[in-house]
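Enquirer: below are the sequence and a predicted model; questions follow.
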2 protein chains.
Amino acid sequence: MKKRLTLLDSGWLTMETPETPMHVGGLMLYALPDNTPENYMQDMLAWLRDAKEVARPFNRKLHARLPMNLDAGWVNDHDIDMEYHVRHAALPKPGRIRELLSLISRVHAQRLDRNHPLWECYLIEGIEGNRFALYVKIHHSLVDGVAAMRILQSRLAMAADQKLPPPWSAEWEDIEREQTGKVKSAKRKAPSVGESVKALGNVAVNLAKLATTSKDSNVKSIYKAPPTVLNKRVHQARRFVAQSWSLSRLKAVAKQYDATLNDVVLAMCGGALREYLLGHSVLPAHSLVANVPVSVRSADQVDEGGNAISAVQVTLGTRIRSASVRIKAIQESMASAKQRLGDMSKVEIDTHTIMTNVPLLAGQVSGLDGRIPVLFNVVVSNVPGPREARFLNGAELLANYPASLIWHGYAMNITVQSYQDNLDFGIIACRESAPKVQRMLDYLENALLELEQEAEKPARQDKTQTVSAQ
Amino acid sequence: MKKRLTLLDSGWLTMETPETPMHVGGLMLYALPDNTPENYMQDMLAWLRDAKEVARPFNRKLHARLPMNLDAGWVNDHDIDMEYHVRHAALPKPGRIRELLSLISRVHAQRLDRNHPLWECYLIEGIEGNRFALYVKIHHSLVDGVAAMRILQSRLAMAADQKLPPPWSAEWEDIEREQTGKVKSAKRKAPSVGESVKALGNVAVNLAKLATTSKDSNVKSIYKAPPTVLNKRVHQARRFVAQSWSLSRLKAVAKQYDATLNDVVLAMCGGALREYLLGHSVLPAHSLVANVPVSVRSADQVDEGGNAISAVQVTLGTRIRSASVRIKAIQESMASAKQRLGDMSKVEIDTHTIMTNVPLLAGQVSGLDGRIPVLFNVVVSNVPGPREARFLNGAELLANYPASLIWHGYAMNITVQSYQDNLDFGIIACRESAPKVQRMLDYLENALLELEQEAEKPARQDKTQTVSAQ
């Protein structure tokens, strides 16, 4: 049984080039349990490969005989080569996070092989501090990348001694049927070809409408993203950097500015990008615009259940010197963008989403040679993760760094995921177009410090009030 | 100064696909010196990266603005990112050759990034038995792959205490100018576009001529290669396997059959491929045909100096059960092929070479969907290497395994290189079209054992004669 691809699925495949692989990844850092035997990692490898039948979507293979995937469809692969999909790797000494990020940068740059189901996993040993890692990459056409990463997370154990099959085992289909009465659908609720074409047809009409509503600041902001070094064509090599920040530290800052956690994340990114661009002597006169995916549920969607994902464009205040003034600008921009989105009808949201979210339409085309202004400068995505500890076959998950995708015109992506008491930042960037992205880690910390320092004065006032209120 | 690509160079680039990367590689195994300090590998890494200026051809970068590389040329890259080109890797435990080959299989499958000079190097630590490895890959368009590997070898030290710059350092241009009065040219003597087009024009005429000379067995053999599992389209994943055999052991066999060393190599390959295809229950009724690169120098080439490389098609005797009968068939086939090549004029050799050696014309086209019979089944290449020990920054070279390229219709390549008292076999194959190629290592040993055993009877006769002659 061959299942035809939707326009969106084949778009991810058609637009894929050696420079713009269309997969997302996740780097999960684990603690080696105490007193592990000599062959612990080899046992872990055997466990990860032990899937006689593989669950959806990890068993779906592309089948196409015509060029450009014109006749492409999905078939189930019943003879999966698990040794191919689950690979064993190690870090050179001294096995610091630096060596780990170096390896992930290389591996994340490589396209998935279309002759196999479009996912790969690396079990990585030799990390200092008694740790190991699992890096998983999944193609965006196979399943919405974030959805697939959530499936992987949901299949981790809640306790060290809980015995479970590996996350891609078909046994999970039975387990989840028992638990919830239905198998978790890994399939993105993608519009059919007909729906997509209809939505595309509305784009021109809606664009014309939006252009005339000049009073709306959020819509206008789409066209104000300044050209920067981050908005050039991308090349094949990547750099992936990652670091965790304490959630309680960010929450304290949020409280002091009466902001959301997401506002603080955006303010950290704004401050860091300001310092990054100043370091390259290319800070533009206009502030950078971030594309921020958000969950929305419009009135005519309530009966469909679930959340729809769209994105808003928000200023990052990079031309503002003061951290406290910058976060205020971000808060206002976000509030205005959300209000506008709340006022939108389903068709408007669809149009907006397609305009701003699908590289097929926005990034790959507009970024081709810079003839069309970019719609935004950088993606900043904030994904909620589990609050309690998770375990992989007995090993405790320490951190979970997302590695997203970039494309022509959009050379950096910052994705943040929460886990327990941390926010895990993962930044993927083109090694050449966005050089030395590792500096962003220091700059994010600097930006957070500035937010903390500039909040001190109002914070002291707040504290007095708080104390008196107690 | 942009230097235009020749037809042959751009052919290697144009025909490159994710399934058929057009680079060759070399895996060099080294001994860790005794009592190495903790940071030995990091010092080695720093030494490998220490090239302020990079020598030709390692500094040549592709420059193209039109699709299909229509305007492609080479430019010198004066700002090479050595951290990008020289990578640090490690094997997971237990660090056997099995884990090493697994890593090389993955890395060799990945295309080089055209935004950088087309070479990469991996320094690999964690190999059991106090060893480390260097894997280098170089694109065929940058320079003839074998020539580039020879340059690397020639820049190894002759003694452990000899201090030299890394093989890609521009300092080598001075060293070699002093040594020989001229810089070693890494450039393949490629025909110009005009010469190539003229030679191509002769192909049709010569093909017609050859087809009528039905008495010539070698020419006929081009059209007798049977279709096998090795002659399908190839996919992205590779398997690389490698092993060394004692040169004296092969020489003893050669002596007993009055054969050349190359005949013995071909007989080992023939016996191994017979067992491999029998194992997959797909041994064809006709014997497989190997494409064997040979050095030739025809009468009208003497004044040009140097050797020309062509290739002959030789039977591998895979339908012959007896090892001793098989090697006789191979010897006769090789003698006949060489005689025919010796009789050829330069134009004929050029035509023959283009017909049988350039994937642009032969492999990629004829293999596209099997509509045209394959010209041969497998490449078996035998490259002479250094007889004396070589050293990399103090570490002794133990073995030097070549990793060549495969393409559509030709899913396996066996390349053999001599070093000191060994022959180092490197086999690269498509993971899917030529499955479980690791078995070839056992089968090669079996084939050599059979040759030794079947030679025993005549060998005893020879020994008596030898003794009486002394």
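Expert: Looks like it came in fine.
Enquirer: A:Lys251 contacts A:Leu261, doesn't it?
Expert: Yes: with contacts counted by CB atoms under 8 Å, A:Lys251 reaches A:Leu261, the gap being 6.4 Å. Every residue, glycine included, has its C-beta placed from N, CA and C.
Enquirer: A:Val325 against A:Gly317, yeah?
Expert: Yes: taking contacts as CB under 8 Å, A:Val325 lies within contact range of A:Gly317: 7.4 Å.
Enquirer: which of A:Lys251 and A:Leu261 has more residues huddled nearby?
Expert: Per other CB atoms under 10 Å in any protein chain shown, whichever of A:Lys251 and A:Leu261 has more neighbours is A:Leu261, with 18 against 14.
Enquirer: so where does the nearest residue to that one once chain neighbours are set aside fall, helix or strand?
Expert: Nearest residue to A:Leu261 in three dimensions, chain neighbours excluded: A:Ala254, at 5.3 Å (CB to CB, 6 or more residues apart in numbering or on different chains). If you go by DSSP states H and E, A:Ala254 is part of helix A:247-256.
Enquirer: quick check: buried residues in the helix or strand just after that helix?
Expert: Next in sequence after helix A:247-256, counting helices and strands by DSSP H and E, comes helix A:261-279. Residues of helix A:261-279 classed as buried: A:261-277 (neighbour count, 16 or more other CB atoms under 10 Å in any protein chain shown).
Enquirer: can you name every helix or strand that helix A:261-279 contacts?
Expert: If contacts are counted by 3 or more CB pairs under 8 Å, 6 or more residues apart in numbering or on different chains; DSSP states H and E, helix A:261-279 sits against helix A:247-256, strand A:289-296, helix A:323-343, strand A:378-383, helix A:439-469.
Enquirer: between it and strand A:378-383, what angle do the directions make?
Expert: With axes from the mean of the first three to the mean of the last three CA atoms, to 10 degrees defining the directions, helix A:261-279 sits at 150 degrees from strand A:378-383.
Enquirer: pull the distance from helix A:261-279 to the chain's centre.
Expert: Chain-centre distance of helix A:261-279: 17 Å, with CA atoms, centre = their mean, to the nearest Å.
Enquirer: related to what we said a few turns ago, tell me the buried residues in the helix holding A:Ala254?
Expert: So helix A:247-256, judged by 16+ other CB under 10 Å, has buried residues A:Leu247, A:Arg249, A:Leu250, A:Val253, A:Ala254, A:Gln256.
Enquirer: and it, how far out from the chain's middle?
Expert: For helix A:247-256, the distance to the chain centre is 22 Å (CA atoms, centre = their mean).
Enquirer: and it, average pLDDT?
Expert: Model confidence over helix A:247-256, given as mean pLDDT, is 97.
Enquirer: neighbouring contacts of it?
Expert: A:259-261, A:263-265, A:268, A:418, A:420-423, A:448, A:451-452, A:455, A:458-459, A:462 (CB atoms under 8 Å, 6 or more residues apart in numbering or on different chains).
Enquirer: send over that helix as CSV, restricted to the C-alpha atoms.
Expert: C-alpha atoms of helix A:247-256 as CSV (Å, rounded to 0.1, in the frame of the first residue of the first chain):
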residue,chain,number,x,y,z
LEU,A,247,14.4,28.1,34.9
SER,A,248,14.1,29.7,38.3
ARG,A,249,16.6,32.3,37.4
LEU,A,250,14.6,33.2,34.2
LYS,A,251,11.3,33.1,36.2
ALA,A,252,12.7,35.6,38.7
VAL,A,253,13.6,38.0,35.9
ALA,A,254,10.1,37.5,34.3
LYS,A,255,8.5,38.4,37.7
GLN,A,256,10.6,41.5,38.1
